[in-house]
Structures are given as structure tokens and as C-alpha cells.
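> 3D, please:
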Amino acid sequence: MRILLTNDDGIEAEGLACLERIARTLSDDVWVVAPHEEQSGKGRGMTLTEPLRVNRFGDKRFSVTGTPTDCIVLAVGDLLPEKPDLVLSGVNRGHNVGEDCSYSGTVAGALQGMAFGIRSIALSQSLERYHDDVSPHWDTAEAFAPAIISRLLAETWEPGVVMNLNFPARSPETVTEVEVTVQGFRGIGEMHAVKRTDMRGRDYYWMSFRGAKQDHAPGTDLRAMDDGKISVTPLHIDLTHKPSVHDLKAVLGGAPPKALAG
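Predicted coordinates:
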């Protein structure tokens, strides 16, 4: 089995080293194509207005001056001799649950693998709090991911599905349950901009999360992280709100309406 690894934290990230160790328990044919620098929050962005550079770190290890999506496109289209059997994206430093999934570069790497018809899994390790001095429990992801991935690969997946694995901010011996979850949603206004002033008196902004404590719905990926469970969420890219399609057909179906008189 040929496995392709990527991430959004960059080629030198600890989480990528963790993912390599996980992948090598599953196969000896492991390839790495990851961003040269951190690409967190870039979602499914592609680099269209400037060239991409590839740096080689060995026969099966490359960095790309672009996004996780760029990495998968280059890997499948040029860098690998044949299409991989599995794409693993991560292990992200911090969970990717709820609305995170829509702008996560980690999830995006898996989605691009899915777009090429490759079974793809995103992996993320939750943190007690998001700060540089916090050390993630990489040993938790490493302890449980191989067996979970093996079980997932033994099952039949629906077309267009990627698996989103999130490991709780706990040591391995304190994790007792895996839960298959749905994507949850936080309260409105979790993301915000922090305004600051530079040395010349000019304003600048840092994007940030408020981090307010919330009571998340049972069965969601967010609640699983709260409860210290491993979360497995099957995601797909169809953003259509189907009930609205039904309702809108009643008012917009048929011939197009004429413009109103001015």
C-alpha cells in the first residue's frame, strides 16, 4: 500500500513526524509532500498567481512552497510514480472540529485526495489550550491511529467521503472510547480580530478565537473533544442545503422572472 502524507503545519512539524511513524506501522511505501512553511487556516486554497517550488529531502520526501491542496495536486500529478492508495493529512497541532473543518488546511489535504478518488483521512491532536508552550499528546494519536485507520480501510466508503479523526487532549491511558460523530457548530462570533498598534502608530490585526466555554450537543465532534473521546467524523464536500432547494423550486422554478420596473 502506497501512502501519501501531507499537513498544513509544514514539513518540519512535530505532527508530521508523528504521522510518519503512524504510517510506517501500516506500510513501508510512505511518501511525504508537505508545505515548506505553515499553511494553517488556508482551507482548500490553491496557488494560482505565482509559481510553486519543490524542495527534495530524499527519494520520497518533498516540500512545496504552497498549500496542502497544492501538495496533493503536485504529488499525484508529478512527484509520485503512481497514484497512492491512501492519503493521510496531519497530525495537526490542535483539533479540527465544528466550523474548523471548512477552513482547515489539514481537512483540505484530505479533501483533495478524495477529489482524486483516493481514500483520505485527516488527523488532528487536540490541545489543552492553544499556546506555543503547550505540548500536544502526540503519543495519544500515535497509540490509537494505526488500529482506527486499519478498521476504516477494511470498510467500504461512500464516494466523496473523507474521514476526520480528532484525538482528545489526554494521555493514551486515559482515553477509553471512540465515538463516530457528526460535525458540530460553535456559538456565533467565536472567530474575531484582535486590534493592535505597531511601533509607528499604525493599526494591525491578529485573527483569533474567543475560546469561551460552551455546552456542545451530544454526538458532535466538539462534544467528543470535551468528553475526552476520539472522534471519527465522515465528511463530504456537498454544501447544498437540500431543504432550501425544495422550498426555492416553488418560487424560482420554470421561466426566469422579469426584472422589476424601476
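> Just say helix, strand or coil for residue 74.
Secondary structure assignment for residue 74 (DSSP: H, G, I helix; E, B strand; the rest coil): helix.
> Leaving out chain neighbours, which residue sits closest to it?
residue 64 (5.8 Å; CB to CB, 6 or more residues apart in numbering). The way it works is simple: take the backbone N, C-alpha and C, and place the C-beta from them, glycine included.
> Phi first, then psi, for the one you found.
Main-chain dihedrals, residue 64, degrees, to the nearest 10: phi -130, psi 140.
> quick one, what contacts it?
Contact analysis of residue 64 by CB atoms under 8 Å, 6 or more residues apart in numbering lists 33-36, 52-55, 70-71, 74.
> Which stretches in the stretch 151-262 of the chain count as strands?
Along the stretch 151-262 of the chain, counting by DSSP state E, counting those that start in this stretch, strands occupy 161-167, 178-180, 191-197, 203-209, 230-236.
> Pick the most buried one from the ones you listed.
strand 161-167 (a mean of 26; mean count of other CB atoms under 10 Å).
> and of the contacts of residue 64, the nearest to residue 259?
Nearest to residue 259 among the contacts of residue 64: residue 70, at 41.9 Å, using CB to CB.
> The closest one - that's part of a helix, no?
Yes - in this structure, residue 70 lies within a helix as judged by three-state DSSP.
> who wins for neighbours among the contacts of residue 64?
Among the contacts of residue 64, residue 71 has the most neighbours (other CB atoms under 10 Å), with 33 neighbours.
> From residue 19, how far off is that residue?
For residue 71, the distance to residue 19 (CB to CB, to the nearest Å) stands at 13 Å.
> Name all residues that make contact with residue 14.
With CB under 8 Å, 6+ apart as the criterion, the residues that contact residue 14 are 93, 136, 138.
> May I have the predicted confidence score for it?
Looking at residue 14, its pLDDT reads 97.
> ditto for residue 89
The score at residue 89 is 98. That number is its pLDDT.
> Give me the neighbour count for it.
Residue 89 has 34 neighbours, counted by other CB under 10 Å.
> does it really touch residue 121, like I thought?
Yes - contact criterion CB atoms under 8 Å: residue 89 and residue 121 qualify, at 7.2 Å.
> Touching both of those two, which residues are there?
residue 110.
> Name the nearest residue to residue 178, ignoring sequence neighbours.
Nearest residue to residue 178 in three dimensions, chain neighbours excluded: residue 230, at 4.4 Å (CB to CB, 6+ apart).
> what about this structure, any weak spots by pLDDT?
Filtered on pLDDT under 70, the chain yields the residue ranges 130-132, 188-190, 209-212, 260-262.
> Helices of that one, residue ranges please.
In the chain, the helices defined using DSSP state H lie at 14-24, 68-74, 100-103, 105-115, 138-153, 221-226, 242-252.
> Ok, which of these comes nearest residue 173?
With distances scored as CB to CB, the stretch of the helices of the chain nearest to residue 173 is helix 138-153 (8.9 Å).
> Mind listing residues that contact the closest one?
Residues outside helix 138-153 that contact it (CB under 8 Å, 6+ apart) are 14-15, 18, 21-22, 25-26, 86, 88, 90-91, 119, 121, 123, 125, 163, 165, 167-168, 170-172, 175, 178, 230, 232.
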